[in-house]
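> Sequence plus the predicted model coming up.
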Amino acid sequence: MSNESAAAGHGSFLVSQDQIGKRLDVVLALEFPAFSRTQLRRAIVDGTALVDGKRAKPNYRLVLDQRVELVDAPASPPAPEPEPMPLDIVHEDDQMVVINKPAGIVVHPSKGHWSGTLVAGLAYHFESLSTVGGASRPGIVHRLDRDTSGILVVAKNDTSHQALASQFEARTVEKEYLAIVRGVPDRDADVIDKPIGVHPYQRDKMAIRAGHPTTRDAVTRYQVVERFRGFAVINVFPKTGRTHQIRVHLTHAGCPVLCDRLYAGHARVTRGELNGNSKDDQYVLQRQALHARRISLDHPTTKQRLTFEASLADDIASTLELLREFR
């Protein structure tokens, strides 16, 4: 990338060796992360994103040393309206906030989720949040899926945001998840090193996929904590942070996350399924059994290494109790 400011939503860059042959819209999304792929695709169509000064289609394949230029920033979605929302605050100082996100809450506005998002709750509780991610994502340095609970780090200002984001990019942030999976891994521990890209047929899914413009390397380490009949509890340590990475990798390993509607094919589990009583149809878990339990990173200003933990949500804790009692 050139020294011109891509982060600000305008600027240019020369196509590098690793970008050769990739789609224009895909590369733009990586170079200008403050904007959604839809916004950048619209910029291409409108002629405000150019290749060597000329219009190109979103699926145009790039050539080495071509200059890609975003001459005018796409229109950003409006800032979220502050909404009262209870927050489980694990840590707060003048630079950052760490929260234990509940399941069922979307982190930032997206199609079909314009209100009730976590950022609306953050805007209500905190006067100052970073703006690096754009008006619709104040404070958001990284994200969790809607139905994943656990630790989430929020930046209060742009300087802290950039310091935190650089750690995620350099992969020095250590993340640990707890997952309950259906099936029992053959090994006590393993590393899954499989590239992930957009699913070839289902646009809301990701898949193990090599050689596609959306493909990126993905590495996940896991360790089995407890084994049950037909289920297991594992600790998961993602090295990279790809969309749906843990869910895709565990499905590939033959042990999908319990109640993962998208990848496991089921979204609920009853007490009866766990205790063997077919008449007990009370639902115990109605979302994917994935919890971001621990994160370690350097404080953005003091540089002190910090570790934060988030207690298990009640639904996952209850499921664990039943497995230990009946399985």
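Looks like it came in fine. Numbering: from 1, shown residues only.
> Flag the shaky bits of the stretch 51-200 of the chain, pLDDT-wise.
Along the stretch 51-200 of the chain, the parts satisfying pLDDT under 70 run over 73-78, 109-114.
> can you rerun that using 90?
For the stretch 51-200 of the chain, the stretches flagged by pLDDT under 90 are 53-55, 57-59, 65, 69-82, 106-117, 127, 131-138, 169, 197-198, 200.
> Run through the helices of it in chain order.
118-125, 158-170 (DSSP state H, counting those that start in this stretch).
> So which bits of the first one are buried?
It stands for helix 118-125. Using 16 or more other C-beta atoms under 10 Å as the test for burial, helix 118-125 gives 118-123, 125. For every residue, glycine as well, the C-beta is placed using N, CA and C.
> nearest to Thr301, of those?
Of all the buried residues of helix 118-125, Thr301 sits closest to Leu122, with 20.0 Å by C-beta to C-beta.
> Give me the nearest residue to the closest one, chain neighbours excluded.
Spatial nearest neighbour of Leu122, excluding adjacent residues (C-beta to C-beta, 6 or more residues apart in numbering): Gly139 at 5.5 Å.
> Ok, Ala313 next?
Once flanking residues are discounted, Ala313 sits nearest to Ser149: 4.5 Å by C-beta to C-beta, 6+ apart.
> What count of nearby residues applies to the one you found?
Applying other C-beta atoms under 10 Å, we find 29 residues neighbouring Ser149.
> Which strand residues bridge it?
Note on Ser149: beta-bridge partners by DSSP bridges are His291.
> Then Leu306?
With DSSP bridges as the criterion, Leu306 is bridged to Leu297.
> number of nearby residues for it?
Residues lying near Leu306 (other C-beta under 10 Å) number 15.
> Show the contacting residues for the closest residue to Tyr124 other than its chain neighbours.
Take Tyr124 and drop its neighbours on the chain: the residue closest to it by C-beta to C-beta, 6+ apart is Pro82, 3.8 Å away. Taking C-beta atoms under 8 Å, 6 or more residues apart in numbering, we find Pro82 in contact with 120, 123-124.
> Out of the buried residues of helix 118-125, which comes closest to Arg271?
Ranked by distance to Arg271 (C-beta to C-beta), the buried residues of helix 118-125 are led by Leu118 at 30.2 Å.
> Report the contact partners of that closest one.
Neighbour list for Leu118: 85, 101, 105-108, 152 [criterion: C-beta under 8 Å, 6+ apart].
> For the residue nearest to Tyr124, give its distance to Leu64.
47 Å (C-beta to C-beta, to the nearest Å).
> Selecting buried members of the contacts of Leu118 in PyMOL, what would you type?
The buried residues among those can be selected in PyMOL (16+ other C-beta under 10 Å) with this line:
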select buried, resi 85+101+105+106+107+108+152
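> about what we covered before: spell out which residues sit in contact with the residue nearest to Leu122, please.
97, 119, 122, 126, 129-130, 133, 154-156, 161.
> now with 7 Å?
Residues near Gly139 by C-beta atoms under 7 Å, 6 or more residues apart in numbering: 119, 122, 129-130, 154-156.
> Pipe the residues you listed into CSV and attach distance to Val184 per row.
Converted to CSV, the contacts of Gly139 look like this (distance: C-beta to C-beta, whole Å):
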residue, distance to Val184
Val119, 38
Leu122, 39
Leu129, 43
Ser130, 42
Val154, 36
Ala155, 39
Lys156, 43
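> of these, closest to Ile295?
Using C-beta to C-beta, Val154 is the member of the contacts of Gly139 that lies nearest Ile295, at 12.1 Å.
> First-to-last residue distance for stretch 181-196?
Stretch 181-196 has an end-to-end distance of 20 Å (C-alpha to C-alpha, to the nearest Å).
> which other residues reach it?
Defining contact as C-beta under 7 Å, 6+ apart, one finds that stretch 181-196 is touched by 206, 208-210, 215-224, 227, 230-232, 234, 242, 245, 248-250, 252-258, 264.
> Now find how far off-centre it is within its chain.
19 Å (C-alpha atoms, centre = their mean, to the nearest Å).
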